[in-house]
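S.K.: Next one to model:
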Amino acid sequence: MEERYELAFERIKDIAAGEDMPERYRVYFLNVAEMFVLCDEIFCEIANKGMEHISLDTWKGWNDSLYEELRGVKYETSYGNPRYAVMEFGKEEGDCLCFFYSRFRNCIADVFNQDKESILLLMELFLQVYTICTTEEDVARWLKETLYYYVHDYDAYYTEKAVRKIVDPSLNRLVDIVMNSDLKDERYLYYYGENITENEWRTAKFIASLPQETIELIARTYTEGYRQGFVAAGIDLSKKSTVNIRYNIGFEAVVREAIHQFRDIGLQPIIYMHSNTRSMGVCTTPANKQYIYDHRFDDALYLNHALVKEKLGHVEKSFEKYKELANGFAGPAVIEIFGETLFQPETKTESPAYTPEQQKLSVDYQRDYVLIQNRYIKQEERSFTIIAFPIPEIGEDFEEIFDETIRLNTLDMDVYRRVHQALIDALDQGDTVHITGRGANRTDLTVKLHELANPEKETNFENCLADVNIPVGEVFTSPVLKGTNGTLHVTRVYLNQLCYENLSMEFKDGMIADYSCTNYADETECKKYVKENVLHNRDTLPMGEFAIGTNTTAYKMGRRFGIEAKLPILIAEKTGPHFAVGDTCYSMSEDIILHNPDGKEIVAKENECSALRKTEIEKAYFNCHTDITIPYDELGDIVVNTKDGKKIILIQNGEFVLEGTEILNEM
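M.R.: Predicted coordinates for the structure are as follows:
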């Protein structure tokens with residue numbers, strides 16, 4: 001491998017020096033070759049000196065050099081931009097060269113992981129692409145063939161690495177950063193190898209300035225919520241050995257304390273990077289969200305039945321190899337962030353897009369991947385927790401909002417337990433619930449509830465306090481699909497970092513029958529946007545959850561600071577009724593017996609789709625769950641309809657009126 005590396009790198013240095021090549025590709029290959037040369041320089045400096053002996057100015061210089069081309073207007077002329085690549089090289093060549101360009105950039109992560117083998121594979125791929133463009137006549141054909149066989153030949157290698165990082169605590173480079181760095185020395189932020197901005201260094205500086213007791217309180221709220229999730233579900237945590245900690249760079253002081261607390265309950269940390277997807281690993285402020293959005297369907301360039309079958313085989317083989325580690329995995333503990341500048345993506349015709357057949361393949365692959373994973377990391381034996389905090393990008397009130405969020409995350413659960421019980425007692429009398437909007441909100445929706453066989457001992461709604469979902473503040477159920485009908489509408493909502501204007505969904509017997517938004521002038525483009533990002537390329541999804549958010553404190557915080565649109569779904573879902581499209585909250589764990597604090601068993605844990613898990617599992621689950629919240633100021637009434645025609649009003653004109661819940665209007 002060392003010999004191959006030296007040969008490849010010497011060849012790349014020749015290209016970077018500007019050797020003769022077709023003018024058409026000259027800038028493209030110079031850019032990539034120079035990136036590889038810089039990556040080798042960084043690799044050697046880290047290997048020879050150690051990260052802690054490199055100056056702050058050097059770290060900043062490297063960070064700018066690695067990420068500058070994706071930032072701001074410079075992205076317009078980046079070969080990672082599908083529009084620019086297609087303009088320069090035409091559709092067929094541009095698609096492939098843009099794809100390769102984004103993959104070559106993966107070597108940045110490999111450099112900081114000191115993974116020379118992975119860097120070598122990318123350098124050899126680069127030289128193969130270079131040879132095609134400088135020697136072949138039918139360049140497009142050979143590029144497409146090279147792309148396909150690169151994916152085909154190396155999928156087993158990359159899949160095993162991806163599975164291992166999820167479950168293996170011995171891959172502890174990032175744990176070492178958290179536990180052993182001087183967190184008052186800004187240099188440590190650059191050790192990750194990710195794009196570092198004012199968000200990261202201001203967050204780190206602010207948290208490091210907090211009293212130790214405050215840091216301990218934040219960490220204790222987070223870790224205790226995780227532990228309580230196992231208690232509430234009746235799962236034996238003592239059988240587990242690892243926890244995956246996910247956070248945004250800058251939160252290391254809290255994470256360090258959390259690691260100490262997790263170790264006290266027998267859990268070792270697993271930390272890994274996942275730059276492009278929030279809540280899937282350690283994250284940072286993206287250099288350009290549009291870049292991530294542009295490449296979201298890159299697999300459309302090669303996806304087919306044969307590859308999907310092979311990929312699933314590699315997934316199963318990898319989990320089998322690491323099955324003992326997977327068995328010890330307890331689940332993720334997530335620190336989300338909020339406050340980023342709101343993102344309105346541009347849908348580019350030049351970006352790869354699925355064919356109808358590929359849409360189905362992608363959905364099938366995601367479903368089957370989860371089914372395989374759940375055989376090794378059993379859903380009924382794991383749990384999770386999520387908590388959220390703001391970042392400086394939220395505005396000049398950052399520190400005050402952070403302090404208010406700490407208060408929000410530590411509200412008195414006893415108060416909410418009693419309020420929730422009053423709501424649940426009323427809801428459990430119902431056959432249906434009618435929800436309407438007011439003002440510009442056109443919601444008019446009837447939700448069908450399960451019939452309770454023994455109301456004295458059973459309930460439809462979970463009394464959700466502050467364990468797995470922090471902060472406190474909702475009661476929720478899995479609706480009966482048949483009989484759930486009507487319109488769900490929100491004038492503006494942010495889902496997974498994307499904005500939707502006038503998002504509307506029509507439900508017929510619990511399934512989405514139609515949908516729309518007004519983000520674009522073209523209605524077809526609007527439907528495509530919703531289908532890709534909310535329905536995840538499915539034709540329909542069921543209503544998996546109906547909930548009533550009760551955290552009026554969170555709602556008022558959003559209003560006070562003008563940050564309603566920037567609140568994460570974790571908090572936003574507590575600020576009004578919400579409806580999840582996709583799986584239920586009990587997906588793949590329906591058979592675990594759960595009780596509310598009053599001792600009643602929660603029985604509404606499945607619907608007509610998830611009930612198919614015992615006969616047609618491929619039709620039971622959708623591997624997505626997207627909460628859509630109607631804020632109190634757009635909410636009209638929530639009325640429980642009983643079988644005997646009685647009406648119980650829970651909320652009227654956006655205010656709680658049910659006896660025992662009025663306190664929420666004052667909090």
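S.K.: Would you tell me what the next helix or strand after the biggest helix by length in the chain is?
M.R.: Longest helix in the chain, counting residues (DSSP state H): helix 139-167. Proceeding N to C from helix 139-167, the next assigned helix or strand is helix 173-180, under DSSP states H and E.
S.K.: As a check, name the ranges of all helices in the stretch 301-450 of the chain.
M.R.: Under the criterion DSSP state H, counting those that start in this stretch, the stretch 301-450 of the chain contains helices at 305-321, 323-327, 356-376, 398-409, 413-427.
S.K.: typo on my end, it should be the stretch 151-300 of the chain
M.R.: In the stretch 151-300 of the chain, the helices defined using DSSP H, counting those that start in this stretch lie at 173-180, 198-209, 212-233, 252-264, 289-294.
S.K.: And the fourth one, what does it pack against?
M.R.: In this structure, helix 252-264 makes packing contacts with helix 173-180, helix 198-209, helix 212-233, strand 242-246, strand 268-270, strand 329-338, judged by 3 or more C-beta pairs under 8 Å, 6 or more residues apart in numbering; DSSP states H and E. No exception for glycine: its C-beta is placed from N, CA and C like everyone else's.
S.K.: sorry, back to before: let me know which of the helices of the stretch 151-300 of the chain is the nearest to Asp64.
M.R.: Asp64 lies closest to helix 198-209 among the helices of the stretch 151-300 of the chain, at 13.5 Å (C-beta to C-beta).
S.K.: Show me which parts of the closest one are buried, residue by residue.
M.R.: 199-204, 206-207 (16 or more other C-beta atoms under 10 Å).
S.K.: for stretch 66-80, same thing?
M.R.: Across stretch 66-80, burial judged by 16+ other C-beta under 10 Å covers 66-67, 69-71, 75, 78-80.
S.K.: Next: stretch 265-273.
M.R.: For stretch 265-273, burial by neighbour count (16+ other C-beta under 10 Å) applies to 265, 267-273.
S.K.: JSON lines please, covering those residues and showing distance to Asn665.
M.R.: Converted to JSON lines, the buried residues of stretch 265-273 look like this (distance: C-beta to C-beta, whole Å):
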{"residue": "Ile265", "distance to Asn665": "38"}
{"residue": "Leu267", "distance to Asn665": "40"}
{"residue": "Gln268", "distance to Asn665": "45"}
{"residue": "Pro269", "distance to Asn665": "42"}
{"residue": "Ile270", "distance to Asn665": "43"}
{"residue": "Ile271", "distance to Asn665": "42"}
{"residue": "Tyr272", "distance to Asn665": "44"}
{"residue": "Met273", "distance to Asn665": "44"}
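S.K.: and the least confident of these?
M.R.: Lowest pLDDT of the buried residues of stretch 265-273: Met273, 89.
S.K.: Return the distance of it relative to Ala109.
M.R.: 6 Å (C-beta to C-beta, to the nearest Å).
S.K.: Give me the common contacts of the two.
M.R.: Common contact partners of Met273 and Ala109 (C-beta atoms under 8 Å, 6 or more residues apart in numbering): Gly193.
S.K.: Quick one: closest of the helices and strands packed on helix 252-264 to Ala565.
M.R.: strand 329-338 (10.1 Å).
S.K.: Compute the inter-axis angle for that closest one and helix 252-264.
M.R.: For strand 329-338 against helix 252-264, the angle by axes from the mean of the first three to the mean of the last three C-alpha atoms, to 10 degrees is 160 degrees.
S.K.: Output the below-cut-off pLDDT ranges for the stretch 1-150 of the chain.
M.R.: The stretch 1-150 of the chain contains no residues with pLDDT under 70.
S.K.: thought Val370 was touching Ala620?
M.R.: No. The pair Val370 and Ala620 does not pass the contact test of C-beta atoms under 8 Å, sitting 11.3 Å apart.
S.K.: Of the two, which one has the most company?
M.R.: Neighbours per residue (other C-beta atoms under 10 Å) separate Val370 from Ala620, with Ala620 holding more: 22 against 17.
S.K.: For Val363, report the pLDDT, please.
M.R.: So, for Val363, pLDDT stands at 87.
S.K.: Same question for Met280.
M.R.: pLDDT recorded at Met280 is 67.
S.K.: How about Glu380?
M.R.: At Glu380, the model reports a pLDDT of 86.
S.K.: quick one: contacts for it?
M.R.: With contacts defined as C-beta under 8 Å, 6+ apart, Glu380 is in contact with 235, 588-589, 591-592.
S.K.: Measure how buried Thr615 is and give me the count.
M.R.: 8.
S.K.: In contact with it, which residues?
M.R.: Listed by C-beta under 8 Å, 6+ apart, the contact set of Thr615 is empty.
S.K.: where does the residue lying closest to Ala611 once chain neighbours are set aside fall, phi/psi-wise?
M.R.: Counting by C-beta to C-beta, 6 or more residues apart in numbering, the nearest residue to Ala611 once its immediate chain neighbours are dropped is Ala620, at 7.4 Å. Per-residue torsions, Ala620: phi -90, psi -30 (degrees, to the nearest 10).
S.K.: Hmm, Tyr5 and Lys116 touching each other?
M.R.: Yes. When contacts are counted by C-beta under 8 Å, Lys116 is listed as touching Tyr5 (6.3 Å).
S.K.: quick one: least confident helix or strand in the chain?
M.R.: In the chain, the helix or strand scored least confidently by mean pLDDT, DSSP states H and E is helix 569-572, which has a mean of 88.
S.K.: Now that helix - C-alpha only, PDB.
M.R.: This file holds the C-alpha atoms of helix 569-572, laid out as PDB (Å, rounded to 0.1, in the frame of the first residue of the first chain):
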ATOM      1  CA  ILE A 569     -39.000  20.000  15.700                       C
ATOM      2  CA  LEU A 570     -38.100  18.600  19.200                       C
ATOM      3  CA  ILE A 571     -39.300  21.900  20.700                       C
ATOM      4  CA  ALA A 572     -41.700  23.100  18.000                       C
END
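S.K.: which residues are contacting it?
M.R.: Here helix 569-572 makes contact (C-beta under 8 Å, 6+ apart) with 336, 338, 386-388, 408, 469-471, 494-496, 551, 554, 558, 564, 627, 629.
S.K.: For the protein, which residues score under the pLDDT cut-off?
M.R.: Ranges of the chain meeting pLDDT under 70: 275-280, 466.
S.K.: Show me which strand runs longest in it.
M.R.: Ranked by number of residues, the top strand in the chain under DSSP state E is strand 480-495.
S.K.: what comes up buried for that strand?
M.R.: Across strand 480-495, burial judged by 16+ other C-beta under 10 Å covers 480-481, 484-495.
S.K.: just to revisit the earlier point, out of the buried residues of stretch 265-273, which comes closest to Ala453?
M.R.: Nearest to Ala453 among the buried residues of stretch 265-273, counting by C-beta to C-beta, is Ile265 at 37.6 Å.
S.K.: and that closest one, what does it touch?
M.R.: Counting by C-beta under 8 Å, 6+ apart, Ile265 touches 223, 227, 237.
S.K.: Compile those into CSV and extend it with columns for distance to Leu325 and neighbour count.
M.R.: As requested, these are arranged in CSV below (distance: C-beta to C-beta, whole Å; neighbours: other C-beta atoms under 10 Å):
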residue, distance to Leu325, neighbour count
Thr223, 21, 24
Arg227, 21, 19
Leu237, 17, 20
